[in-house]
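J.: Generate coordinates for the sequence data below:
(chains A, B, C and D)
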There are 2 protein chains.
Amino acid sequence: MNTVVDTRERILTTARELFHGRSYADVGIKEICDLAKVQKGSFYHFFPSKQDLAMAVIDDMAEDWAHGFVAEAFDRNLPPMERLDYMIDAAYYWQKAAKDIEGRMPGCLFGNLALEVSTRDEVLRAKLNAVFQKASSQFHETLDEAIEQGQIAPLDAQATSQAMLAFLEGIILLAKTRNDPEVIRTLGPAIKTLRVELPMEN
Amino acid sequence: MNTVVDTRERILTTARELFHGRSYADVGIKEICDLAKVQKGSFYHFFPSKQDLAMAVIDDMAEDWAHGFVAEAFDRNLPPMERLDYMIDAAYYWQKAAKDIEGRMPGCLFGNLALEVSTRDEVLRAKLNAVFQKASSQFHETLDEAIEQGQIAPLDAQATSQAMLAFLEGIILLAKTRNDPEVIRTLGPAIKTLRVELPMEN
DNA sequence: ACTTGACTAGACTGACCGGTCTATTCATAA
DNA sequence: TTATGAATAGACCGGTCAGTCTAGTCAAGT
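T.: Next up is the predicted model:
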């Protein structure tokens, strides 16, 4: 029982690291198996296909995220707008740590996968879209609370929360392209200035 | 002489379309050759490697961009802040047209490539970084002018221009993941609200 | 003791990859 | 007419890809 869970887990975490550090297409099943010290046969016992593995990796990462620093950043006890700074900080330190170890910025696994596979794998695209949907809802709650507390003027919280997520992904993209995590710290705070006006009433 | 230019051109535009519509890794030389009606031998006569082709594709696209709708959007005769709306509009219509034809949003070729290859190809990464650098300088000029004309309060134009580019890439990423160009139109206008404060003086 | 089924092991398949190679065509210039 | 070199044609190479298959291990249930 122990080794069973272990094998699957080992495949999953290895795949996650490799996909994150390089790309989906660039990492082969064999490489994952070798690094995880697992044979092909075992791999295909647990995962019917590479696509299924990717689905599991996304789920795995999303769960770690939700219970990890996303939960911390969007802590209900923090003043709403401070949560945004916390989120930016977390992203910065994460990418910086990764770069210090690996020499290059991996960026955001979800963003990386989204741009790579969206045009040729509907299933993965839909899954990644759901992850983003959920992520933006965190921003949404934060904005609602900030408005309620009168800390910011009313705005289109739905659209603005998506804009904030887009901005976060955008600065990570730019930082990765420059291979410099500082970009996140420099541009990040501007996330608080983003706003989509409420649609016209009349 | 005519056929020479033609062959190289055909390879280039075909590669560009395929890379843009799918990804760098997913498109093989053979597929490009078949579609461009060119043989392998001819291909390698013009391009020493797939990487060189990618470099040429990036240059080609960057030039088309610079002389195409980027030049239009950042028209000096337009009021500065209107240029930003123009840019968003252009991005929206481009992606919408592509989706109407192909059924899926290709996103931004530069952003796509950047996330895909940045961690494993220094040369391409540096080139893409340069493209982004140049793109953000367009925003920079726009901001400088807007400040000069007193249309916006002074801000860190260098950082804000990068933030705007990041936001643009971010909304295109989100739109591609949702396979819905409307995201660009909905969130896009918020680009004008982005601002990075001037660094502290003393 | 025997059966069952989850799990491991790793050889193997056919397709495809980027890239090389040799042979040939063809326009130009001497 | 012949020589030259750019351009084309396409067979070919070693390697890798995702995925299959057969054989066997091993622990739990009866």
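J.: confidence score at the nearest residue to A:Lys37 once chain neighbours are set aside?
T.: Setting aside the residues directly before and after it, A:Lys37 is nearest to A:Arg10 in space (C-beta to C-beta, 6 or more residues apart in numbering or on different chains), at 7.1 Å. Placement of C-beta: from N, CA and C, glycine included. Looking at A:Arg10, its pLDDT is 95.
J.: do A:Phe69 as well
T.: Here the pLDDT value assigned to A:Phe69 is 82.
J.: Near it, how many other residues are there?
T.: Counted with other C-beta atoms under 10 Å in any protein chain shown, the neighbours of A:Phe69 add up to 17.
J.: host element of the residue in chain A that DNA strand C sits nearest to?
T.: Residue nearest to DNA strand C within chain A: A:Gly41 (2.2 Å; C-beta to the nearest atom of the strand). Using DSSP states H and E, A:Gly41 sits within helix A:40-46.
J.: what residues go with each domain of chain A?
T.: Following automatic domain parsing, one finds the domains of chain A at A:1-49, A:68-193.
J.: tell me the most buried of those?
T.: Per residue and on average, the most neighbours among the domains of chain A fall to domain A:68-193, with a mean of 19 (mean count of other C-beta atoms under 10 Å in any protein chain shown).
J.: Just checking it against DNA strand D, any contact.
T.: No. Counting by C-beta under 7 Å from any atom of the strand, DNA strand D has no neighbours in domain A:68-193; the shortest distance is 11.0 Å.
J.: is that domain up against DNA strand C anywhere?
T.: No. Applying C-beta under 7 Å from any atom of the strand, one finds domain A:68-193 out of contact with DNA strand C, separated by at least 12.7 Å.
J.: Determine how far the last residue of that domain lies from the first.
T.: By C-alpha to C-alpha, to the nearest Å, the extent of domain A:68-193 from end to end equals 26 Å.
J.: The residue nearest to A:Lys37 and A:Asp34 touch, don't they?
T.: No. Assessed by C-beta atoms under 8 Å, A:Arg10 is found out of contact with A:Asp34, at 11.7 Å.
J.: Isn't A:Cys33 up against A:Lys40?
T.: Yes. Distance between A:Cys33 and A:Lys40: 5.8 Å, which falls inside the contact criterion (C-beta under 8 Å).
J.: Output the longest helix belonging to chain A.
T.: Ranked by residue count, the top helix of chain A under DSSP state H comes out as helix A:122-148.
J.: tell me the angle of the helix or strand just after it relative to helix B:157-178?
T.: Sequence-wise, the next helix or strand beyond helix A:122-148 is helix A:157-178, with elements assigned using DSSP H and E. Between helix A:157-178 and helix B:157-178, the angle formed by their directions is 110 degrees, by axes from the mean of the first three to the mean of the last three C-alpha atoms, to 10 degrees.
J.: Please, which helix or strand holds A:Asp100?
T.: Here A:Asp100, judged by DSSP H and E, is contained in helix A:80-102.
J.: which residues are contacting that helix?
T.: Helix A:80-102 has contacts (C-beta atoms under 8 Å, 6 or more residues apart in numbering or on different chains) with A:21, A:69-70, A:72-75, A:78, A:105-107, A:139, A:142-143, A:145-146, A:149, A:151-152, A:164, A:168, A:172, A:175-176, A:179, A:181, A:184-185, A:188-189, A:191-192.
J.: And the residue of chain A closest to DNA strand D?
T.: Across chain A, no residue is closer to DNA strand D than A:Gly28, which sits at 2.9 Å (C-beta to the nearest atom of the strand).
J.: on that earlier part again, please list all residues in contact with the residue nearest to A:Lys37.
T.: For A:Arg10, the contacting residues are A:Ala36, A:Lys37, A:Val38, taking C-beta under 8 Å, 6+ apart as the criterion.
J.: lowest-confidence stretch among the domains of chain A?
T.: With a mean of 91, domain A:1-49 has the lowest mean pLDDT of the domains of chain A.
J.: by how many degrees do the helix holding A:Asp100 and helix A:122-148 diverge?
T.: Going by the same axes, to 10 degrees, helix A:80-102 makes 140 degrees with helix A:122-148.
J.: following helix A:80-102, which helix or strand comes up?
T.: Once the chain leaves helix A:80-102, the next helix or strand it forms, by DSSP H and E, is helix A:109-117.
J.: now for that next one, which elements pack on it?
T.: Using 3 or more C-beta pairs under 8 Å, 6 or more residues apart in numbering or on different chains; DSSP states H and E as the contact test, the elements touching helix A:109-117 are helix A:2-21, helix A:50-67, helix A:122-148, helix A:157-178, helix B:109-117, helix B:157-178.
J.: Dump those to CSV, plus distance to B:Pro199.
T.: CSV is the format used below for the helices and strands packed on helix A:109-117 (distance: least, C-beta to C-beta, whole Å):
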stretch, distance to B:Pro199
helix A:2-21, 33
helix A:50-67, 32
helix A:122-148, 25
helix A:157-178, 17
helix B:109-117, 27
helix B:157-178, 8
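J.: Quick one: residues contacting the spatially closest residue to A:Ala54 that is not a sequence neighbour.
T.: Once its chain neighbours are removed from consideration, A:Ala54 has its nearest residue in A:Leu124; the separation is 5.8 Å (C-beta to C-beta, 6+ apart). The neighbourhood of A:Leu124, defined by C-beta under 8 Å, 6+ apart, consists of A:Gln51, A:Ala54, A:Met55, A:Ile58, A:Leu113, A:Val117, A:Ser118.
J.: Repeat that for A:His20.
T.: Contact partners of A:His20, counting by C-beta under 8 Å, 6+ apart, are A:Met61, A:Pro106, A:Leu109, A:Asn112.
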